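A.B. asks: what follows is a predicted structure for the sequence shown.
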Amino acid sequence: MTNTISPQYLGALDQGTTSTRFMVFARAGNVVASAQKEHRQIYPNPGWVEHDPLEILRNTHFVIAEAMDDAGLKPVEIASVGITNQRETTVVWDRQTGAPIYNAIVWQDTRVADAVALLVKDGGQDRFRKQTGLPLSTYFSGLKIAWILDHVEGARGRAEKGELLFGNIDAFLLWNLTGGAHGGIHATDVTNAGRTQLMNLDTLAWDAELLSALNVPAAMLPEIRSSSEHYGDLSTTRLKGTPVCAMLGDQHAALVGQTCFEPGELKNTYGTGCFLLMNTGTEKVESTSGLLTTLGYKFGKAAPVYALEGSIAVTGSLVQWLRDNLGLIGKSEDIEALAMTVPDNGGVFFVPAFSGLYAPWWRDSARGTICGLTRYANKGHIARAVLESTALQTRDVVEAMESDSGIALKQLRTDGGMVVNETLMQFQADILNVPVVRPKMRETTALGAAYAAGLACGFYKDTTDLVQNWAIDKTWNPALDETARERHYAKWKKAITRSFDWED
């Protein structure tokens, strides 16, 4: 008698800005196995941020093997795998060898600021917003591709001949994990393609006008597919033969993991940066308040679901900066204890515009500013100002979302590494004046990728199964009176303006 094992689990490869993680989930959304490995942050020049794509690929193999071994799992027990990734981070590699021709240029990198300025001069910051939902910014992939092609000898000619391939990290990993130079699948999903500033939001296809304007050859681009479908099978990992059935950018995966399937539902992921997404349904909402219009997700052949997004560049990475550059704390989690040594921020506000300001301001020329310093201020006040800046930047984005959507926020769903910080979460509720909710499953980015893979392979029947899995771990209710709240926020707005136009 043959002993067959039916798949009981889903895998999620979560490739983030600072680390790569592989997680295995059971049907109820609980974690069965997890392994994580950090990669280097490379800073060749001020404002430049790079990653080594081959280091990320090695780490990917490592974490898959470690998670499977630690839990004693066999490949046949995994129904399918979803991939989620840091968005906009740009890789160009050789089709024949798989070797990247340059380091990955990370989403935070500002080296294309001059190219942005030239395009803005010709048609304004919003010249491509109608097609892409995005303002011109250093943030997105398109100009990063062009920079690599123009700064690596011979690269542009090779790209035009089809010898080079482009992908955000999702496409780079998919290609390598499904065969690489020997039949690897060169594809991306609509959420990642939408962050290149090269995809048309209406057609969900690469746009010839945008390719021409940003000087990117079509021959190097991946095929655009839905977020939840069978992409192909893994061939080079411990999960050989396991189907890859989902790809989503990390923030879109978190939207799915938080089961924000109804218009008006909103989540905030507190990671390296903060990313708020609001589901706006199958009709895209064009922002007039400095937000991005983006794809929320697309499940198979169903209609695409759009979202409004507010991206904040520096939140968790500000805590790391306090640790690594100033040495005020030994570990990132020590910031809460330091902030609690003082009763308030002592009038100190920290605007972390290290690489400009993202939503809703979009000021590439802004730089980091600490305001309100007096002889009274100490390192506790600085620590508190660092935490508060995350919550205050979040309020900036929430107000813009309410303005664009016409929907008043009733509750903020949170996830990501910083949600364990009680002081931050309470201040977030105070400054927003709405309840802040942390779900029982905090790693919603990886969970969302697993959910999307589960829908594609029949592991779940529909999104109703996923909504039933979502449960609250803790709620923080606002406890600050309105006068104090608005006075505090007015001071923040004043501090924000002080960071503007530091760079010419």
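C.D. replies: Alright, I've got the coordinates.
A.B. asks: tally of neighbours for Ala479?
C.D. replies: 9 (other CB atoms under 10 Å). In short, each C-beta sits where N, CA and C put it, glycine included.
A.B. asks: one more: Gly454?
C.D. replies: 26.
A.B. asks: my guess is it contacts Ile78. True?
C.D. replies: No. Using CB atoms under 8 Å, Gly454 is not in contact with Ile78; the gap is 11.0 Å.
A.B. asks: just the CA trace of stretch 186-203, in PDB.
C.D. replies: Taking Å, rounded to 0.1, in the frame of the first residue of the first chain, the C-alpha atoms of stretch 186-203 are listed here in PDB:
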ATOM      1  CA  HIS A 186      10.800  35.700 -16.300                       C
ATOM      2  CA  ALA A 187       7.600  37.200 -14.900                       C
ATOM      3  CA  THR A 188       6.300  39.700 -12.400                       C
ATOM      4  CA  ASP A 189       2.800  40.500 -11.000                       C
ATOM      5  CA  VAL A 190       0.700  43.600 -11.400                       C
ATOM      6  CA  THR A 191       1.600  45.000  -7.900                       C
ATOM      7  CA  ASN A 192       5.300  44.900  -8.600                       C
ATOM      8  CA  ALA A 193       5.000  46.000 -12.200                       C
ATOM      9  CA  GLY A 194       2.900  49.000 -11.000                       C
ATOM     10  CA  ARG A 195       5.900  50.200  -9.000                       C
ATOM     11  CA  THR A 196       8.200  50.500 -11.900                       C
ATOM     12  CA  GLN A 197       6.500  53.600 -13.300                       C
ATOM     13  CA  LEU A 198       6.400  51.700 -16.600                       C
ATOM     14  CA  MET A 199       3.000  49.900 -16.400                       C
ATOM     15  CA  ASN A 200      -0.300  51.500 -17.400                       C
ATOM     16  CA  LEU A 201      -2.800  51.100 -14.500                       C
ATOM     17  CA  ASP A 202      -5.800  50.700 -16.900                       C
ATOM     18  CA  THR A 203      -4.300  48.200 -19.300                       C
END
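A.B. asks: for that stretch, the averaged confidence score.
C.D. replies: Stretch 186-203 carries an average pLDDT of 96.
A.B. asks: any buried residues in it, and which?
C.D. replies: 186-201 (16 or more other CB atoms under 10 Å).
A.B. asks: low-confidence ranges in this structure?
C.D. replies: Applying pLDDT under 70 to the chain picks out residues 1-5.
A.B. asks: just to revisit the earlier point, so what sits against both of Gly454 and Ile78?
C.D. replies: Common neighbours of Gly454 and Ile78 (criterion: CB atoms under 8 Å, 6 or more residues apart in numbering): Leu10.
A.B. asks: what residue spans form the domains of the protein?
C.D. replies: Domains of the chain are assigned by the TED database as 9-251, 259-439+471-503.
A.B. asks: how far does the shortest one sit from the chain's center?
C.D. replies: I take that to be domain 259-439+471-503. 14 Å (CA atoms, centre = their mean, to the nearest Å).
A.B. asks: mind naming the longest helix for this protein?
C.D. replies: Of all the segments of type helix in the chain, defined by DSSP state H, the longest one is helix 379-405.
A.B. asks: need the next SSE after that helix, C-terminal direction.
C.D. replies: strand 412-415 (DSSP states H and E).
A.B. asks: next helix or strand past that next one?
C.D. replies: Next along the chain after strand 412-415, taking DSSP H and E as the criterion, comes helix 422-432.
A.B. asks: can you list contacts of that following helix?
C.D. replies: Contact with helix 422-432 is made by 270, 336, 339-340, 384, 387-388, 390-392, 394-395, 398, 409, 412, 414, 418-419, 435-436, 438, 474, 476-480, 485, 488-489, as judged by CB under 8 Å, 6+ apart.
A.B. asks: could you rerun that using 6 Å?
C.D. replies: 336, 339, 387-388, 391, 395, 418, 436, 476-478, 480 (CB atoms under 6 Å, 6 or more residues apart in numbering).
A.B. asks: buried sites along that helix?
C.D. replies: 423-432.
A.B. asks: what angle separates it from helix 379-405?
C.D. replies: Between helix 422-432 and helix 379-405, the angle comes out at 40 degrees (axes from the mean of the first three to the mean of the last three CA atoms, to 10 degrees).
A.B. asks: about what we covered before: out of the domains of the chain, nearest to Phe459?
C.D. replies: domain 9-251 (4.7 Å; CB to CB).
A.B. asks: show the end-to-end separation of the closest one, please.
C.D. replies: 23 Å (CA to CA, to the nearest Å).
A.B. asks: likewise stretch 347-358?
C.D. replies: By CA to CA, the extent of stretch 347-358 from end to end equals 24 Å.
A.B. asks: list the buried residues in it.
C.D. replies: For stretch 347-358, by 16+ other CB under 10 Å, it's 348-358.
A.B. asks: so which of these are in strands?
C.D. replies: 349-351 (DSSP state E).
A.B. asks: let me have the residues you listed in TSV, extended by distance to Trp175.
C.D. replies: Listed next are those as TSV, based on distance: CB to CB, whole Å:
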residue	distance to Trp175
Phe349	45
Phe350	40
Val351	39
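A.B. asks: for Asp170, state which of those residues is nearest.
C.D. replies: For these, the nearest to Asp170 is Val351 (31.6 Å; CB to CB).
A.B. asks: starting at the chain centroid, how far to stretch 53-64?
C.D. replies: Worked out by CA atoms, centre = their mean, stretch 53-64 lies 19 Å from the chain centre.
A.B. asks: now Glu422: how far from Tyr489?
C.D. replies: As judged by CB to CB, to the nearest Å, Glu422 and Tyr489 stand 21 Å apart.
A.B. asks: end to end on stretch 179-189, go ahead and measure it.
C.D. replies: With CA to CA, one end of stretch 179-189 sits 19 Å from the other.
A.B. asks: how far out from the middle of the chain is it?
C.D. replies: Taking the mean of its C-alpha atoms, stretch 179-189 sits 23 Å from the chain's own mean (CA atoms, centre = their mean).
A.B. asks: other residues contacting that stretch?
C.D. replies: Residues contacting stretch 179-189 (CB under 6 Å, 6+ apart): 96, 98, 165, 170-171, 174-175, 178, 222-223, 225, 227, 231-232, 235, 247.
A.B. asks: how about these, which pair is most distant?
C.D. replies: Within the contacts of stretch 179-189, Gln96 and Ser227 form the most distant pair, 29.4 Å apart (CB to CB).
A.B. asks: okay, those two: which has more neighbours?
C.D. replies: Taking neighbours as other CB under 10 Å, Gln96 and Ser227 compare with Ser227 leading, 31 against 9.
A.B. asks: ok, the more buried one touching Gly300?
C.D. replies: No. Ser227 lies out of contact with Gly300 (CB atoms under 6 Å); the separation is 8.7 Å.
A.B. asks: what's the first helix or strand after the helix or strand harbouring Ala246?
C.D. replies: According to DSSP H and E, Ala246 maps onto strand 243-249. Next in sequence after strand 243-249, counting helices and strands by DSSP H and E, comes helix 250-257.
A.B. asks: with distance to His252 added, can I get the buried residues of stretch 347-358 in CSV?
C.D. replies: Listed next are the buried residues of stretch 347-358 as CSV, based on distance: CB to CB, whole Å:
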residue, distance to His252
Val348, 35
Phe349, 31
Phe350, 29
Val351, 28
Pro352, 24
Ala353, 25
Phe354, 25
Ser355, 22
Gly356, 23
Leu357, 23
Tyr358, 17
